[in-house]
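Asks: Predicted structure and sequence below. I'll ask about it afterward.
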Amino acid sequence: MSTWTLTDAAATERSFADWGLADLRRTLRNLGADVVTFTAPGRAVEADPLFAHGTTVVIKRDGERWFEGRVVRIPVAGSPEAEEQTYQVAGPWWYLDDLVYQQDWNQLSDFGNSLSPLERVRRSRSILGMSADGERISSRLQIQDAVKYAIGQGRPLQLGTVQPTADVPWDEYQDATCAEVIRKMLRWTPDAVTWFDYTTSPPTLEVRHLDSLTARTLDLAASPARIEDLRIVPREDLRRSAVELIYERTDTVDGNDFARVFRDIHPPGANPQGVGALTMTLELGGGSKTYQRQQVKVDPIVEDGVNWWKGKLPWLRDVANLVISNGAVDDEDLPNELIEGSVSSWMDEEAGPVEVTAEASYEVLADPGQPFDETDNPVIDKRSRVKLSTRVRGTTAATRLYARLRSFTPAEVQPVGLAEDLYNALNPLQHEGRLVLVEAEAGAFSWLGSRLQLTGGRAEWASMRAMVQLVREDVAAGRTEISFGPVSPLGADDLLELVRANRGRRPTFRLSERKDGRPGGGAETDGPDATAGDSPDLSGGAPAQFTVLDTEGSGRVVLDSEDCDDRELRVREVDVCDNGEAKKMLIVASEPYTPS
């Protein structure tokens, strides 16, 4: 018989007999907490426990570490005949179930400044399968991150080999425990199993595929242990002839939704509607784009152009023989005039007020509305070197639609090879069952983390590779119960649990928030720096001219503002002497001035 010892929180190591302990049992679970129980028979129900709640104990078999865990429950029982204390000790998975996983998110260090540096903060909202930089990570990296987070929070376990590398869809989750993260990742690789190696300190978590598990072969005809019970069911009903994953994604561009569908089928060319095929629809997080657009229309500034000046100074349309000369622009770097739209800095164009000047020579007609005729429409005046001036909104922009991407959230990329991973896990024939062994003493080694093969029975059992899911050991009674078969997330009877699990999955639309620290929302837009027509028109009017003709058109009176030398002429009252008599007279004149 083996020697069993227990070390308490004070590092005191004694044999089970010296501690007064008995009835040692151990339960090992895939994707669950291992539990060891033992009793202290005869210990009074009111006595202090030998091992306080929350302390860690280590159990050894013949000097080798056999189990390590936390005391989680201490039920007591008493009757007139006997009293006892029972101790329940949970393995390290208990800590993974107890701790809510938190991820690194980026956020702005200054919320009032969108350009401030990013800082990392931890949040219990998780986007599984995504790094803090917004990149897709495999199920292996996600599992490792969850376990490392637990270790970083002081939980007593270490990380061993993690084999699954499925390219999983993003799954947003709030307040998921570290254990839930692992379970969610392994749903996509149902041929993987978890267990703890208790020979190390602290215990080491292993996550491996069925193909890499240690093969344990039991000869039914020549087993040293008595086989008390054996039940085996070949699960042909779980085999999948093909796996089709239909990815749906809705992208948004300027508020308009565009639905897209992608398909991943394995084996390639398989009939996804055939007997035994599995079809699942997965919603991916859609992307969004918001553009800022501005239509701009411009015309070139033609400082010597007759038609251009007529467009700026309407009175020039009523003159004849117009000649424009000496045109000039005060800012030649802005060659175009903004006619419609606006110019903003994001367009990488310049805009600003431009003053345009020129000199005009022309003839003034008596009646500009009639065709020119020397008799009916005579020239009443000729002008030369009349100064013209106007101000327009100049720009370097061209006539076109300007656009820029103002807000962008990338879409979730379709996972690669996930249908193949599921097919490889679901296509091979799996055997489900229960095996009970009775020997002198149980617990010689851990069946969990191995695949079971049986000889001495049906031929296919020798290569069935049954994955061990649960092991119950009663050490003193020498009884070991082994449950094997498909991984538990697939359900006991069919694959509906896998499909149901996918129905509850939440795609994420928070990529920008986790990566850039900026929650999604309406896009900001920059206001225009220059808008057509926003400059006051300083265009000069026609030179003021008042002409009075006699009825025959040969005599005339002309008042021209250009003759006023920048002085104001008004009707004024003056004193005059008329034949020696003082009188008043109204005249058109300026204020008196001293000639320069």
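Replies: Cool, the structure landed.
Asks: just for this structure, where's the confidence low?
Replies: Residues of the chain meeting the criterion pLDDT under 70: 114, 368-377, 488-530, 533-562, 596.
Asks: Which strands or helices does the strand ranked longest in it pack on?
Replies: Longest strand in the chain by number of residues (criterion: DSSP state E): strand 379-395. When contacts are defined as 3 or more C-beta pairs under 8 Å, 6 or more residues apart in numbering; DSSP states H and E, strand 379-395 sits against helix 306-312, strand 319-329, strand 336-340, strand 351-365, strand 530-531, strand 545-549, strand 556-560. From N, CA and C alone the C-beta is placed, and that goes for glycine too.
Asks: quick one: strands adjacent to the longest one?
Replies: Applying DSSP bridges to the sheet, strand 351-365 is found paired with strand 319-329 (antiparallel), strand 379-395 (antiparallel).
Asks: Can you say which of those strands is packed in most?
Replies: strand 379-395 (a mean of 17; mean count of other C-beta atoms under 10 Å).
Asks: Buried residues, the very next helix or strand once past that one. List them.
Replies: Remark: after strand 379-395, the chain's next helix or strand is strand 400-409, criterion DSSP states H and E. Neighbour-count burial for strand 400-409, counted by 16 or more other C-beta atoms under 10 Å, picks out Y402, R406, S407, T409.
Asks: on contacts alone, who are the packing partners of strand 400-409?
Replies: Helices and strands touching strand 400-409, by 3+ C-beta pairs under 8 Å, 6+ apart, are strand 288-300, helix 511-516.
Asks: relative to strand 288-300, how tilted is it?
Replies: 160 degrees (axes from the mean of the first three to the mean of the last three C-alpha atoms, to 10 degrees).
Asks: Could you tell me how far G394 is located from G276?
Replies: Applying C-beta to C-beta, to the nearest Å, the value for G394 to G276 is 73 Å.
Asks: ranges for the strands of the stretch 151-300 of the chain?
Replies: Applying DSSP state E, counting those that start in this stretch to the stretch 151-300 of the chain gives strands spanning 158-162, 171-174, 192-197, 204-209, 214-219, 226-234, 242-253, 256-266, 277-284, 288-300.
Asks: now these in JSON lines, with mean neighbour count and distance to V147?
Replies: Output for these, formatted as JSON lines (neighbours: other C-beta atoms under 10 Å; distance: least, C-beta to C-beta, whole Å):
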{"stretch": "strand 158-162", "mean neighbour count": "17", "distance to V147": "5"}
{"stretch": "strand 171-174", "mean neighbour count": "18", "distance to V147": "16"}
{"stretch": "strand 192-197", "mean neighbour count": "24", "distance to V147": "10"}
{"stretch": "strand 204-209", "mean neighbour count": "20", "distance to V147": "6"}
{"stretch": "strand 214-219", "mean neighbour count": "14", "distance to V147": "22"}
{"stretch": "strand 226-234", "mean neighbour count": "14", "distance to V147": "34"}
{"stretch": "strand 242-253", "mean neighbour count": "19", "distance to V147": "27"}
{"stretch": "strand 256-266", "mean neighbour count": "13", "distance to V147": "29"}
{"stretch": "strand 277-284", "mean neighbour count": "18", "distance to V147": "25"}
{"stretch": "strand 288-300", "mean neighbour count": "16", "distance to V147": "34"}
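Asks: Pipe those into TSV and attach distance to A442 per row.
Replies: What follows is the strands of the stretch 151-300 of the chain, written out as TSV (distance: least, C-beta to C-beta, whole Å):
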stretch	distance to A442
strand 158-162	25
strand 171-174	39
strand 192-197	17
strand 204-209	22
strand 214-219	14
strand 226-234	12
strand 242-253	40
strand 256-266	42
strand 277-284	39
strand 288-300	59
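Asks: So for L31, which of these sits nearest?
Replies: Counting by C-beta to C-beta, L31 lies closest to strand 192-197 out of the strands of the stretch 151-300 of the chain; the figure is 5.5 Å.
Asks: chain center to stretch 101-113, what's the gap?
Replies: Remark: stretch 101-113 is offset 14 Å from the chain centroid, using C-alpha atoms, centre = their mean, to the nearest Å.
Asks: again, but for stretch 188-199
Replies: Stretch 188-199 sits 31 Å away from the centroid of its parent chain (C-alpha atoms, centre = their mean).
Asks: Can you give me the end-to-end span of that stretch?
Replies: Criterion C-alpha to C-alpha, to the nearest Å; first-to-last residue distance in stretch 188-199 is 29 Å.
Asks: please renumber so the chain begins at 756
Replies: Got it, first residue is 756 now, which makes that one stretch 943-954.
Asks: what does the helix or strand hosting E1228 rub up against?
Replies: Following DSSP H and E, the helix or strand that holds E1228 is strand 1221-1229. For strand 1221-1229, contacts defined as C-beta atoms under 8 Å, 6 or more residues apart in numbering pick out 780-785, 946, 948, 965, 968, 1185-1188, 1197-1198, 1201-1208, 1234-1243.
Asks: Now do it against strand 947-952, angle only.
Replies: If you take the same axes, to 10 degrees, strand 1221-1229 sits at 40 degrees to strand 947-952.
Asks: Would you mind writing the CA trace of strand 1221-1229 as PDB?
Replies: Below are the C-alpha coordinates for strand 1221-1229, written out as PDB (Å, rounded to 0.1, in the frame of the first residue of the first chain):
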ATOM      1  CA  ALA A1221     -11.700   7.700 -26.400                       C
ATOM      2  CA  MET A1222     -11.100  11.000 -24.700                       C
ATOM      3  CA  VAL A1223     -11.300  10.800 -20.900                       C
ATOM      4  CA  GLN A1224     -13.600  13.500 -19.500                       C
ATOM      5  CA  LEU A1225     -14.100  12.600 -15.900                       C
ATOM      6  CA  VAL A1226     -12.300  10.400 -13.300                       C
ATOM      7  CA  ARG A1227     -13.600   9.600  -9.900                       C
ATOM      8  CA  GLU A1228     -11.200   7.700  -7.500                       C
ATOM      9  CA  ASP A1229     -12.000   6.200  -4.100                       C
END
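Asks: could you give the angle of it to strand 969-974?
Replies: 70 degrees.
Asks: Please state the offset of strand 1221-1229 from the chain centre?
Replies: How far strand 1221-1229 lies from its chain's middle: 41 Å, per C-alpha atoms, centre = their mean.
Asks: hang on, K1065 packs against R1072?
Replies: Yes. Between K1065 and R1072 there is a contact under C-beta atoms under 8 Å: 5.1 Å.
Asks: From the contact counts, what lies against the longest helix seen in the chain?
Replies: Using DSSP state H, we find that the single longest helix of the chain is helix 894-907. Judged by 3+ C-beta pairs under 8 Å, 6+ apart, helix 894-907 is in contact with helix 848-853, strand 913-917, helix 933-941.
Asks: repeat that with 6 Å
Replies: Packing partners of helix 894-907 (3 or more C-beta pairs under 6 Å, 6 or more residues apart in numbering; DSSP states H and E): strand 913-917, helix 933-941.
Asks: rewinding a little: quick check: which of the strands of the stretch 906-1055 of the chain is nearest to D888?
Replies: Nearest to D888, of all the strands of the stretch 906-1055 of the chain, is strand 926-929, at 16.8 Å by C-beta to C-beta.
Asks: is it true that K815 touches T760?
Replies: Yes. Using C-beta atoms under 6 Å, K815 is in contact with T760, at 4.9 Å.
Asks: picking that back up, compare K1065 and R1072 (neighbour count), which wins?
Replies: Legend: neighbour count by other C-beta atoms under 10 Å for K1065 and R1072, higher for K1065 (16 against 13).
Asks: Enumerate every residue touching the more buried one.
Replies: L1071, R1072 (C-beta atoms under 6 Å, 6 or more residues apart in numbering).
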